[in-house]
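Enquirer: fold the following.
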Amino acid sequence: MEHKEALKQQRNIQLKRERNTLLKRVEKAMEGPLIFLGFIWLILVIVDLIWGLNPVLKILSVIIWIIFIIDFIAKFILAPEKLNFLKKNWLTAISLIIPALRVVRIVRVVRLLKGANLIKIVASVNRSMKSLSATFKRRGFGYVVALTIGVIFAGAAGMYAFENQQSGGLKTYGEALWWTAMLITSLGSQYWPVTAEGQALCLLLALYGFCVFGYITATLASFFVGRDAEEKDAPIAGAEDVKALQKKIDQLTQSINELKAITVANQQQ
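Expert: Next up, the predicted model:
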């Protein structure tokens, strides 16, 4: 009985390994196309919020949406641990449900539609984050800058969609773009959102700016300090100076070790 139970556990472990291997192969095979479609999807979301989509772009949006659904379902089926997969991709799942609500017109209330737009913006940015991360292969300075640009354009589109009909609101996308850039750089603005969706998006943008802008500032400061250190008369030790000092220390250590070896040899004689 115990032997059968042990065999069953081994089979389950082997099955999980095979599914994980197959899942990684599928993710690797689909990585390139999904990166491209993720950027296109974000652009379509921005265009939809600002100007709306013409029939051709609507068809393109639906095609991309269907591809994302097929990819999500395939990965969900292959995932050995379904619950963990949903926990990691719950935002993506919600973003794929929202277009279906629009198609079948289950959601008729304007307020709920705006709330759905807020989730769609966040989910689209989240997918673009994954695409950028896969493109840059590491979360370096270039990744953060590209992501920040995407957040500014997408956030501005959302703020314009939510606030353009309010008194004293953001009347053009250019105004929304300027307002979002000022918010993320912590400079602020005289206008503050009126709608609940705009306030929620404003909070998310402010949190993002607080977390990321300090990193960008520190990286730029390190860059300019490094440039100053490269000057000949600079009082700051740069990377080259540190390397030269380390080389001299290594040479001195080697000389000391050689002297110790000679001393020990003399003593033995």
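Enquirer: to the chain's geometric centre, what's the distance from the longest helix anywhere in the chain?
Expert: For the chain, the longest helix by residue count, based on DSSP state H, is helix 2-50. Chain-centre distance of helix 2-50: 18 Å, with Cα atoms, centre = their mean, to the nearest Å.
Enquirer: helices and strands around it, which ones?
Expert: Using 3 or more Cβ pairs under 8 Å, 6 or more residues apart in numbering; DSSP states H and E, the elements in contact with helix 2-50 are helix 55-78, helix 110-136, helix 141-163. Every residue, glycine included, has its C-beta placed from N, CA and C.
Enquirer: in the shortest one, what counts as buried?
Expert: Right, helix 141-163. Buried residues in helix 141-163, counted by 16 or more other Cβ atoms under 10 Å: 143-144, 146-148, 150-163.
Enquirer: now do that helix against helix 2-50, angle only.
Expert: In terms of direction (axes from the mean of the first three to the mean of the last three Cα atoms, to 10 degrees), helix 141-163 departs from helix 2-50 by 60 degrees.
Enquirer: so which elements touch helix 141-163?
Expert: helix 2-50, helix 110-136, helix 173-184, helix 196-229.
Enquirer: most tightly surrounded among those?
Expert: helix 173-184 (a mean of 19; mean count of other Cβ atoms under 10 Å).
Enquirer: just the mean pLDDT for it, thanks.
Expert: The average of the pLDDT scores along helix 173-184 is 89.
Enquirer: I would like the residues contacting that helix, please.
Expert: Applying Cβ atoms under 8 Å, 6 or more residues apart in numbering, the contact partners of helix 173-184 are 50, 148, 151-153, 155-157, 159-160, 163-164, 170, 188-189, 191, 202, 205-206, 208-209, 212-213.
Enquirer: may I have the phi/psi pair for residue 168?
Expert: When read as degrees, to the nearest 10, the backbone of residue 168 gives phi 70, psi 20.
Enquirer: now do the contacts for it.
Expert: residue 191.
Enquirer: low-confidence stretches in the stretch 101-250 of the chain?
Expert: 101-117, 119, 126-140, 188-189, 221-242 (pLDDT under 70).
Enquirer: give me the distance from stretch 55-72 to the chain's centre.
Expert: Relative to its parent chain, stretch 55-72 has a centroid offset of 22 Å by Cα atoms, centre = their mean.
Enquirer: just the CA trace of it, in PDB.
Expert: Taking Å, rounded to 0.1, in the frame of the first residue of the first chain, the C-alpha atoms of stretch 55-72 are listed here in PDB:
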ATOM      1  CA  PRO A  55     -13.900  49.900 -37.200                       C
ATOM      2  CA  VAL A  56     -10.500  48.600 -38.400                       C
ATOM      3  CA  LEU A  57      -8.800  49.300 -35.100                       C
ATOM      4  CA  LYS A  58     -11.700  47.700 -33.200                       C
ATOM      5  CA  ILE A  59     -11.300  44.500 -35.200                       C
ATOM      6  CA  LEU A  60      -7.600  44.600 -34.500                       C
ATOM      7  CA  SER A  61      -8.300  45.100 -30.800                       C
ATOM      8  CA  VAL A  62     -10.700  42.100 -30.800                       C
ATOM      9  CA  ILE A  63      -8.100  39.900 -32.600                       C
ATOM     10  CA  ILE A  64      -5.400  40.800 -30.100                       C
ATOM     11  CA  TRP A  65      -7.800  40.300 -27.200                       C
ATOM     12  CA  ILE A  66      -8.700  36.800 -28.500                       C
ATOM     13  CA  ILE A  67      -5.000  35.900 -28.900                       C
ATOM     14  CA  PHE A  68      -4.400  37.000 -25.200                       C
ATOM     15  CA  ILE A  69      -7.400  34.800 -24.100                       C
ATOM     16  CA  ILE A  70      -6.100  31.800 -26.000                       C
ATOM     17  CA  ASP A  71      -2.600  32.300 -24.500                       C
ATOM     18  CA  PHE A  72      -4.000  32.700 -21.000                       C
END
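Enquirer: residues in contact with it?
Expert: So stretch 55-72 is contacted by 30, 33-34, 37, 40-41, 44, 47-48, 53, 89, 92-93, 96, 99, 103 (Cβ under 8 Å, 6+ apart).
Enquirer: I appreciate the help and will end here.
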